[in-house]
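Engineer: everything below, folded, please.
(chains A and B)
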Amino acid sequence: MSYILGFFNFIQGLGANVMMPIIIFIFGIILGTEKGKALRAGLTVGVGFIGLNLVINALGANLGPAVEQMIKRFGLSLSVIDVGWPAAAAIAFASTVGMIIIPVGLIVNIVMILTNTTQTVDVDIWDYWHFAFTGALVAISTGSQMMGVIAAVLNMIIIMVIGDYTAPGVEKTLGLPGVSLPHGFTGAYAPIAIVINKIIDLIPGVRDIDISMEKVQKRFGVFGEPILIGTSLGIIIGIIAGYGIKDVLTLGITMGAVLVLIPKMASLLMEGLLPISDAASEFINKRFSKKGKMYIGLDSAVGVGHPVTLSVSLILVPLTVFMAVLIPGNKVLPFADLAVIPWMFVLITPVVNGNGFRALINGIIVLAVGLLISTNLAPLITIAAQNANYTMPSGATQISSICDGANPLTWLIVRINDFGWIGMAVIAVVAISLAIINRKRILKEAHEMEQKA
Amino acid sequence: MKRILLACGSGVCTSTAARVKVEKILDANGYKGQYKMEQCKIAEVPAKSTNFDFVISTTMQPDGVKCPFVSGLCFLTGVGIEKTTKEILDLMKK
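Structural biologist: Here you go, the predicted structure:
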C-alpha cells in the first residue's frame, strides 16, 4: 500500500492540471476504453480543471477585496468565500485519496453486494468525490493518507446503508421506482430529518401545520437563476463595501459571470470523467444486478425537481444570506453553493412526506448549523485547495463550501479524528453495525419474497 | 435547426451524461449538425423553455414548462432507452 501511495504522491507532485489527465487516461485504458477516446477524456478533465481554476481566481480576485472592505467598514466577519461544490469536487478528485477513490469505491460496492450488506448497485461514480472529500480532509488533519482512505470507505458504507433505507420513500414520494440515492451530501441529511420529523410529531398544533408550496415556485423563481443571483449579490456586496458606481456594477456583472461559468467548467470535468464512469458502471451493473431486489444508485440530482424540494430551496436562498450575517460565529459568505440547496432536500422531502412546513424547518436548522460547520472546516478545505494547486486570493481569506463543507457527516468523521485512532474506531464500529443491521433486513426481505413466491 | 434544452439538478452532472448519449443517438440517426443543445438547472427550465423546441430532463417536470418535456432518466439507469429514443426522434421530425 505505501508503495502505491508513494507512486501517487509523485504523480500528484506534477499538479492537478497535469496529473488528472494522466490518471484518467490510465484508468480509461485499464477499463478498455479506446486509446484516442481515453486521451481526449483525460485532456477534457484537464481543461475542466484549468477552467475552474480561472473562474475561481476571478471570484477570489474580485470578491476578496470587496469582502475585506465589508469587514473593515461594518465589522461583518464573513471572511470565508463559498467557492461552491464544483471546486470542492475538483479539490477532492485531485487529492491523494481522490486519485484512488474510483477503484476503491467500486471494490466497496462489490464487497457490500456480495456480503448482502447493500441492495444498491451504485452507478453514480462521479459522486464518489463526496467520499474522497471526507478522506482528503481526514488525511490533512491526521497527516496520514491511510486514515484518509479508511475514512472515505467508512463514509461510503454509511451512505450506502442510508441509500437502501430511504429507497422506499424515494419510490413513493419522488416516483422513482428501483432507484436509490447513495449520495454523500443528500444522504447525510436523511437521519437528521428523521429525528426532526419525530420531534415535530410530538408537538401538538405544530404537527398539523403544512404550507402549500404551489405558488412559491413562481414567486421565488428568480432565486433559481444563477445569473440574477450572482449579479444582485455582487451589487449588494459592492454597495456594502462602499464602492463607487462603476466598481459596484463591475462586481455585479463579474459575480453573475462566475456563477454562470462555474457549472460550465464543472460540466467539462464531468464530460471527461464520463467514459470512465460509463465503463465502471457497465462493469458493475452487468455482474452484480441480478440478485433479488436491487436498486440502481443514482445522483440525487434526479430528485431535485420535486416541487416541495425546489420551492423550499428557493425560499432558503435569501434566508441563508440573512442567516450568514446574523448567526454569531459564522464566517462563511454564501455564494456559489446557493445553487445546491435543493440537494439537501432530496431525501428530506420523502422523510417529511412532502410537507412544506416541515421541510422548511428542517432546512433552516441544517443550514444554520451548516454555516457553522462550513466555518469550522474552512481551514482544512483551504489547505486541500492549496494541495490541488488552486491559487488562493491574497490576504487571510479562506474558502469553503456549503455543499460538502457544511456536510454534518463529513464534519463528524473529520472531527472525531481529533481524538486519534479511537475516533476512527468509533466510526468503523458505527459503519459496520449499520451494514450488519442492513444485512439482516435484506435477508429477511429476501426470505419473505421467497415464501410468497 | 432544433433547439434542445437538457436539464438536471445542477445543469452539470446528469445532464452532461444525458447530453452525450442523446448526441450519439441523434448523430446515428442522421441529425448531425441539425440541432443545438444547451444544459441548465431544472429551476431555470420554466424561464428558458420558451426558446427551445423541447426539453430533456433527468429530474421531475416543474410547473410552467412551455415546450414538450421528455424524461431522460433512462440515460442514467439504462432501463427503457428505446422508448425515450423514439419519443425524441418523433420530436425531431416535427
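Engineer: so where's chain A uncertain?
Structural biologist: Scanning chain A for pLDDT under 70 picks out the ranges A:1, A:5, A:8-9, A:11-12, A:214, A:289-292, A:392-396, A:453.
Engineer: again, only this time at 50
Structural biologist: Low-confidence segments of chain A (pLDDT under 50): none present.
Engineer: longest helix in it, please.
Structural biologist: helix A:245-288 (DSSP state H).
Engineer: which residues does A:Val170 contact?
Structural biologist: A:176, A:179-181, A:303, A:347, A:350 (CB atoms under 8 Å, 6 or more residues apart in numbering or on different chains). For the C-beta atoms, the positions are set from N, CA and C on the backbone; glycine is no exception.
Engineer: excluding covalently adjacent residues, which one is nearest to it?
Structural biologist: A:Leu176 (5.3 Å; CB to CB, 6 or more residues apart in numbering or on different chains).
Engineer: can I take it that the one you found is in a helix?
Structural biologist: No. Assigned with DSSP: H, G, I helix; E, B strand; the rest coil, A:Leu176 falls outside any helix and is coil.
Engineer: list the contacts of it.
Structural biologist: Residues in contact with A:Leu176, defined by CB under 8 Å, 6+ apart, are A:170, A:298, A:302-303, B:73.
Engineer: can you redo the residues you listed as CSV with secondary structure?
Structural biologist: Below are the contacts of A:Leu176 laid out as CSV (three-state DSSP):
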residue, secondary structure
A:Val170, helix
A:Leu298, coil
A:Val302, helix
A:Gly303, helix
B:Leu73, coil
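Engineer: so which of the residues you listed is surrounded by the most neighbours?
Structural biologist: A:Gly303 (29 neighbours; other CB atoms under 10 Å in any protein chain shown).
Engineer: show me where the chain has strands.
Structural biologist: In the absence of a named chain, this looks at chain A. Assigned by DSSP state E, chain A shows strands spanning A:80-82, A:120-122, A:179-180, A:295-297, A:332-333, A:398-400.
Engineer: chain B is the one I meant
Structural biologist: Counting by DSSP E, chain B has strands at residues B:2-8, B:35-41, B:54-57, B:69-71.
Engineer: give me the contact list for the shortest one.
Structural biologist: For strand B:69-71, the external contacting residues (CB under 8 Å, 6+ apart) are B:54-58, B:61, B:84, B:87-88, B:91.
Engineer: could I get those as TSV with pLDDT, neighbour count and distance to A:Ile364?
Structural biologist: Compiled in TSV, these are given as follows (pLDDT from 0 to 100; neighbours: other CB atoms under 10 Å in any protein chain shown; distance: CB to CB, whole Å):
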residue	pLDDT	neighbour count	distance to A:Ile364
B:Phe54	94	19	37
B:Val55	94	24	32
B:Ile56	94	26	34
B:Ser57	93	27	28
B:Thr58	91	28	28
B:Gln61	85	17	27
B:Thr84	92	21	38
B:Glu87	92	15	40
B:Ile88	93	21	41
B:Leu91	92	16	41
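Engineer: what's the closest non-adjacent residue to A:Ala152?
Structural biologist: A:Ala152 sits nearest to A:Gly135 (CB to CB, 6+ apart), 3.2 Å away.
Engineer: if we can go back for a sec, and the longest helix of chain A, what does it pack onto?
Structural biologist: Helices and strands touching helix A:245-288, as assessed by 3 or more CB pairs under 8 Å, 6 or more residues apart in numbering or on different chains; DSSP states H and E, comprise helix A:16-30, helix A:35-74, helix A:85-94, helix A:96-114, strand A:120-122, helix A:226-240, helix B:13-28, strand B:35-41.
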